[in-house]
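Q: sequence first, predicted model second:
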Protein chains: 4
Amino acid sequence: MTSFPTSIGTSDASTIRLLGQDLAADLMGRVGFGELAFWLVAQRRPTPSEVRVFEAVLVALADHGFTPTAIAARLTYLSAPESLQGALAAGLLGGGSRFLGVTEDCGRFLADTLAAVDGPLPIDDAGFDDLARDAVTAARSARRLVPGLGHPVHKTEDPRTPVLIRIAEEEKLRGPHLRLFEAIGRVHPEVLGRTLPLNGAGVCGAALADLGLPVDLLRGFALLARAAGLLGHLAEERRTPIGMDVYLTVDRNATYTTPDPS
Amino acid sequence: MTSFPTSIGTSDASTIRLLGQDLAADLMGRVGFGELAFWLVAQRRPTPSEVRVFEAVLVALADHGFTPTAIAARLTYLSAPESLQGALAAGLLGGGSRFLGVTEDCGRFLADTLAAVDGPLPIDDAGFDDLARDAVTAARSARRLVPGLGHPVHKTEDPRTPVLIRIAEEEKLRGPHLRLFEAIGRVHPEVLGRTLPLNGAGVCGAALADLGLPVDLLRGFALLARAAGLLGHLAEERRTPIGMDVYLTVDRNATYTTPDPS
Amino acid sequence: MTSFPTSIGTSDASTIRLLGQDLAADLMGRVGFGELAFWLVAQRRPTPSEVRVFEAVLVALADHGFTPTAIAARLTYLSAPESLQGALAAGLLGGGSRFLGVTEDCGRFLADTLAAVDGPLPIDDAGFDDLARDAVTAARSARRLVPGLGHPVHKTEDPRTPVLIRIAEEEKLRGPHLRLFEAIGRVHPEVLGRTLPLNGAGVCGAALADLGLPVDLLRGFALLARAAGLLGHLAEERRTPIGMDVYLTVDRNATYTTPDPS
Amino acid sequence: MTSFPTSIGTSDASTIRLLGQDLAADLMGRVGFGELAFWLVAQRRPTPSEVRVFEAVLVALADHGFTPTAIAARLTYLSAPESLQGALAAGLLGGGSRFLGVTEDCGRFLADTLAAVDGPLPIDDAGFDDLARDAVTAARSARRLVPGLGHPVHKTEDPRTPVLIRIAEEEKLRGPHLRLFEAIGRVHPEVLGRTLPLNGAGVCGAALADLGLPVDLLRGFALLARAAGLLGHLAEERRTPIGMDVYLTVDRNATYTTPDPS
């Protein structure tokens, strides 16, 4: 008979175990929700410093107003208000390459760059600048974007970036991913010929990577953060709905054109 | 021109505002993730006591092992590993009436019962017992289940229940919903003729309702909690996959039967 | 060992069987897609007349322009263009009680009314009118809406309704559900005091119920039809996108209001 | 004011227009559902021959038994039976790179290979064989799989493949994508050193590409086909459920292991 191994949760008649702990006796009331989310993915309990950086990331990513994903969730709630899970899922499904994906893409870009270093990592800003210069140059040559650079609204500086770097520094968790990301901020103008801000999604990816979280799952943390933001939108949609007005604005301003065979 | 009001988030070139606060200056590093999730839905900052009870609920609901939703998420990840958001959404879509719905159903049952009280609420256990007896009797007459009673595994006691009540008591947040729920635990045997445990999903609904959170959105918190658990499952699926074995176990033990017209 | 029975599909090294047929030899090129969809749900092959009515329903429900679900799908595609399945799923998730649910609600209302008839069903319009009058009166007394009545755009007549009734009549499939639905159209003004059109979603529910399809799954056919419409929208979004404009229209016309604790 | 162009659907008080046609007068009862789905994406009405090939593809892809996506849909239905749309969406979310993605990947591989031809396309099998040999050799050099080759169950021949090629031939729609695909079937053994079958998902991608459908949306047709199959599974789950047994089989054979920090 096939067996199915897991280290997450199990239970018997009197006990629920989660991550090797007694859920009721050891976790409830003693462990924060962000702390538990980290633990669930990393399979190790984070330190208080790690929790502070991690929760700062989740807070930074939770919401950004009327994003396409928030609008999609509200429209879905309008159509199927009995299924809150459907509206939340619809909102999360937009968490792909263009919007939420930056966090993961940036973390991966930094991790790949660091993994390709032959020998020890740089120990000072000059060393990280050299590494960043090579990485940005290589991306440019391959006509690929450098993830984490640029923002449609915060054209000069994304306010989340310096704050998260400061928090990581305070907690002694400003590691090579963040340092390389900062270096990209310093050197990219000389390679690209223009100055772009280091964006918030990118710095979050760098900070998560410095926490040792698996790079392939960084998008997952952006999704978890966004789940809280989407709940806020759905709660607001119940109180002061906009979904019907969005629908009517589009529908009433539709212009019908002749089909054009592809 | 239609305008779209919101109190959640907005931003300009240099600032991101969330819930009337400066995201970078006032929230990041200063507010926990659970605290923010509460704030987003309730539109008010919770007290530290409220945060403790709220996070205890989220921790209690985050995972319960190989639930159908966790298995569905893992199977979806197996089929489309490039879309983590799809696997997470698939898992959340099971958060409906049968599994995660208990939290909301229980909170609503308690709230409806309290709302129907003519005059002041009970002030002692005997008063809550009377109220509970009437409510359970009415549910039984209408052949409806009392939400929050019974559990397939924890047949005598769900270990989460007394712990969450204790935490709420410690934080002076054991309000009428929890007290009514406890009363249901005391009086239902005399009405139903058998003794069932007060389950963890139900006590979480009672505690969330005592926090003043909107009853129609309680399922949303169960979904948020479960999002963390699902990320844990997807992280584990990457390390030690079981999805293929689940698929093969079902497929290889399929028995083909003749179609039977409905 | 648990076994898992199914009558749908199975395969071995050289053959794929579907619904008891040889997929390659007996179905491909010989059975239409709508025909197969009917067969998959009903577990019996429909007659050509049934296929014609069934496909007319699917065609009627496939699209209705910029619905909230179509907009949600396009916004999701904007955010995660690499995951077509996510955009399609997001669009379908709006297929709930308010929009696509009418088909199922109407079919169920008609089926319940017919099931409650004591003795044989009516044989003429007068008999169906009596039945309809009682059903509409009962709904009104219970302050419930009669599903299938009224439409936000087609205030006098929904053009799909008479056409589908005619097609069913041509195919000798205008059964008791459709006849009762027509009777509701005739008698509701005297009960409700105003005249509403029989809408297209409702007549589709009636026609599907007359085909003997399970009432609890009627929403599923609306979803299948809408899947085709959503693919059309996503194909158009690739050619002439509107998602970004929808997002910007909402975001730029957002008005920030002070949080108001619930 | 922003306007939102569309060629799909629009309506006024008395008419619904779809694809430039009058829905009620011109489409219902006159156009098949598969025909409409093609038309919606391609923005042109397909010929009867095109419809036959297209519907044969949809029939071929509709179901393949207890796939991971079918199991995920059933488990979601078990957890949230009130939300059929959620169960269907959960099933479709598995339509990604590994399973349903082959159709699109194969169509794209063939289309890219043909697009890179300098000058006219081959006119005989020998010419297509040369082209196929180069393409397979290039894929092998780049250590990439050739999409459409190989199948876990049909190790010698996928029964769908010759049938779909025959149908396309009968309808005079066996174009360069199918011919190149067949050539890959002939020449790959000499390049790869082993003989693999041309699989059904791949031949469907080739046939859809020969119909002139946009290669980036081929996955969409696989999803539409699978929507019908999933409805069949959900109908069966209502009659003879397996979801609970799948859950219990996994849960009762779970083995709890110590967390292993990643």
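A: Yes, it's here.

Q: what is the neighbour count of whatever residue of the stretch 101-250 of chain A ends up closest to chain D?
A: In the stretch 101-250 of chain A, the residue that lies nearest chain D is residue A:250 (5.3 Å; C-beta to the nearest C-beta). Any C-beta I mention is one placed from the backbone N, CA and C, and that applies to glycine too. Other residues near residue A:250 come to 26 when the count uses other C-beta atoms under 10 Å in any protein chain shown.

Q: which outside residues touch stretch A:122-136?
A: Contacts with stretch A:122-136, where a contact means C-beta atoms under 8 Å, 6 or more residues apart in numbering or on different chains, come from A:109, A:113-114, A:117, A:121, A:146, A:176, A:179-180, A:182-184, A:186-188, A:190-192.

Q: 7 Å instead, please
A: Stretch A:122-136 is contacted by residues A:113, A:117, A:146, A:179-180, A:183-184, A:186-188, A:191-192 when judged by C-beta atoms under 7 Å, 6 or more residues apart in numbering or on different chains.

Q: got it, and stretch A:59-70?
A: Contacts for stretch A:59-70 (C-beta under 7 Å, 6+ apart): A:91, A:94-95, A:99, A:103, A:160, A:164, A:200, A:204, A:222, A:225-226, A:228-230, A:232-233, B:4, B:6, B:8-11, B:18, B:23, B:27-28, B:31, B:33, B:36, C:75, C:78-79, C:243, C:247, C:250-251, C:254.

Q: now do stretch A:157-175
A: A:49-50, A:52-53, A:56-57, A:60, A:151, A:178, A:182, A:197-200, A:203-204, A:207, A:210-211, B:14-16, B:23-24, B:28-29.

Q: quickly find the element holding the residue most central in space within chain A.
A: By C-alpha atoms, centre = their mean, the mean C-alpha position of chain A lies nearest to residue A:222, the distance being 3.0 Å. Secondary structure from DSSP states H and E places residue A:222 in helix A:218-239.

Q: give me the angle between that helix and helix B:218-239.
A: 170 degrees (axes from the mean of the first three to the mean of the last three C-alpha atoms, to 10 degrees).

Q: residues of helix A:218-239 that come out buried?
A: Across helix A:218-239, burial judged by 16 or more other C-beta atoms under 10 Å in any protein chain shown covers A:218-238.

Q: kindly report the same for stretch A:188-203.
A: Residues of stretch A:188-203 classed as buried by neighbour count (16+ other C-beta under 10 Å): A:188, A:191, A:196-203.

Q: could you check how far residue A:148 is from residue D:257?
A: To residue D:257, residue A:148 is 36 Å away according to C-beta to C-beta, to the nearest Å.

Q: ok, now which ones touch the residue of the stretch 101-250 of chain A found nearest chain B?
A: Nearest residue of the stretch 101-250 of chain A to chain B: residue A:232, at 3.0 Å (C-beta to the nearest C-beta). Counting by C-beta under 7 Å, 6+ apart, residue A:232 touches A:63, B:8, B:40-41.

Q: now with 8 Å, please.
A: Residue A:232 neighbours (C-beta under 8 Å, 6+ apart): A:62-63, B:8, B:37, B:40-41.

Q: return the subset of those residues lying in helices.
A: B:37, B:40-41 (DSSP state H).

Q: which of these sits closest to chain A?
A: Comparing the ones in helices among the contacts of residue A:232 against chain A with C-beta to the nearest C-beta places residue B:40 closest, at 3.0 Å.

Q: before we move on, the earlier item: with adjacent residues omitted, what lies nearest to the residue of the stretch 101-250 of chain A closest to chain B?
A: residue B:40 (3.0 Å; C-beta to C-beta, 6 or more residues apart in numbering or on different chains).
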